[in-house]
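Trainee: everything below, folded, please.
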Amino acid sequence: MAHIVFQEMIVSCEACNTVKKFSVKTEKECENIFKKYHCPNGCGRNMYSYFSVGRLKPDNE
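Mentor: Numbers count the residues shown, from 1 in each chain. Okay, the predicted model is just below:
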């Protein structure tokens, strides 16, 4: 079975269109970044969207 190798997390604010990119290596890092993130323009957390970018790595690699 394959597992995900995380590479990047992107957080955007739908209210002001701010986009921030973070280098990550684990799902836990993604969670921590999203929990601590605050839009630099002071927009509400209910306006944030995020996604993580990674690749599938087969267990035999």
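
Trainee: which residues touch residue 44?
Mentor: Contact analysis of residue 44 by Cβ atoms under 8 Å, 6 or more residues apart in numbering lists residue 15. (Glycine included, C-beta is placed from N, CA and C.)

Trainee: look up how far residue 25 lies from it.
Mentor: 29 Å (Cβ to Cβ, to the nearest Å).

Trainee: show me the residue at the heart of the protein, geometrically.
Mentor: residue 9 (2.8 Å; Cα atoms, centre = their mean).

Trainee: quick one, phi psi at that one?
Mentor: phi -130, psi 140 (degrees, to the nearest 10).

Trainee: ok, now which ones touch residue 15?
Mentor: Residue 15 neighbours (Cβ under 8 Å, 6+ apart): 39, 41, 43-44, 47.

Trainee: so it is in which element?
Mentor: Using DSSP states H and E, residue 15 falls within no helix or strand.
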